[in-house]
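J.: based on what follows, work out the 3D shape:
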Amino acid sequence: MSQDNTDIRGQVEASRGPQKNLELLIPGLRNYRKLDDLRVADDMLRNQVADKLLAAKSNLEGLRKQMATAGDYSNLTSVGSLISQLQQVAGEVRHAEQGYSGWVASITIDQSRLDQLYDNDYDFVASAFALVSSTVPPNLAYDPATPASVMAPLARVGAAISDFKQKWGVRMEAVKGILVKPGP
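T.: Predicted coordinates:
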């Protein structure tokens with residue numbers, strides 16, 4: 001991630017219209033608006049990460065096509081497994097539960113802990129970028145003259161997928177611990 005990337009929360013806040021800004025002035029609606037904006041930012045973040053995972057999947061599909069074109073069917077199972085794992089985890093990331101703050105919510109959501117979760121998402125996002133990086137040349141290149149040479153890079157892609165899944169699991173555990181907090 002570069003320093004050029006702005007915090008998604010800032011983008012969400014900047015896109016508030018007059019009605020949303022008015023809601024921030026009304027005490028009963030202020031927390032609802034802030035929490036809803038955090039959920040929107042989280043949704044945007046997860047969709048961007050899911051897109052990165054699908055880009056890695058697309059890179060692997062290109063590799064699989066190169067192998068098939070070269071008549072190398074010995075490594076297709078390995079690539080197919082990685083493609084399948086990326087498809088699954090991208091769907092999990094994109095469609096994960098967000099929680100709900102409703103007008104009269106039965107769940108109290110601690111905004112400072114939600115902010116902390118968001119601030120700590122760097123590892124989760126960085127692992128998605130590392131995963132995509134592991135699927136592009138020169139990190140993953142196919143040489144039909146030495147088909148077995150692709151096995152070590154594929155193992156690194158598999159490790160990157162495992163790392164991402166681990167970070168995603170940690171994030172989901174944190175979300176569950178933060179969002180489901182019984183009210184007073």
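J.: lowest-pLDDT helix or strand in the protein?
T.: Lowest on mean pLDDT, DSSP states H and E among the helices and strands of the chain sits helix 18-25, with a mean of 54.
J.: now the element after the biggest helix by length in the chain, going C-ward?
T.: Longest helix in the chain, counting residues (DSSP state H): helix 27-69. For helix 27-69, the following helix or strand on the C-terminal side (DSSP states H and E) is helix 76-94.
J.: residues touching that next one, excluding its own?
T.: Residues outside helix 76-94 that contact it (C-beta atoms under 8 Å, 6 or more residues apart in numbering) are 46-47, 49-50, 53-54, 56-57, 60-61, 63-64, 67-68, 151, 154, 157-158, 161, 164-165, 168. For the C-beta atoms, the positions are set from N, CA and C on the backbone; glycine is no exception.
J.: could you redo the last one with a cut-off of 6 Å?
T.: 46, 49-50, 53-54, 56-57, 60, 63-64, 67, 154, 157, 161, 165 (C-beta atoms under 6 Å, 6 or more residues apart in numbering).
J.: compare these and tell me which is most surrounded.
T.: Compared across the contacts of helix 76-94, Ala56 has the highest neighbour count, 27 neighbours, by other C-beta atoms under 10 Å.
J.: isn't that one up against Ser133?
T.: No: Ala56 lies out of contact with Ser133 (C-beta atoms under 6 Å); the separation is 8.8 Å.
J.: and stretch 85-95, what's buried?
T.: 85-86, 89-90, 93-94 (16 or more other C-beta atoms under 10 Å).
J.: any chance of these in JSON lines, plus distance to Ala174 and pLDDT?
T.: Below are those laid out as JSON lines (distance: C-beta to C-beta, whole Å; pLDDT from 0 to 100):
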{"residue": "Gln85", "distance to Ala174": "22", "pLDDT": "98"}
{"residue": "Leu86", "distance to Ala174": "23", "pLDDT": "98"}
{"residue": "Val89", "distance to Ala174": "17", "pLDDT": "97"}
{"residue": "Ala90", "distance to Ala174": "20", "pLDDT": "97"}
{"residue": "Val93", "distance to Ala174": "14", "pLDDT": "92"}
{"residue": "Arg94", "distance to Ala174": "18", "pLDDT": "92"}
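J.: Tyr122: which of these is nearest?
T.: Closest approach to Tyr122 among the buried residues of stretch 85-95 (C-beta to C-beta): Val93, at 15.6 Å.
J.: distance of Ile83 from His95?
T.: Note on Ile83: its distance to His95, by C-beta to C-beta, to the nearest Å, is 19 Å.
J.: now the phi/psi pair for Ala70, please.
T.: phi -80, psi 0 (degrees, to the nearest 10).
J.: over to Asp143?
T.: Dihedral angles of Asp143 (phi, psi; degrees, to the nearest 10) stand at phi -120, psi 110.
J.: before we move on, what about His95?
T.: phi -110, psi 20.
J.: same deal with Thr135?
T.: phi -110, psi 10.
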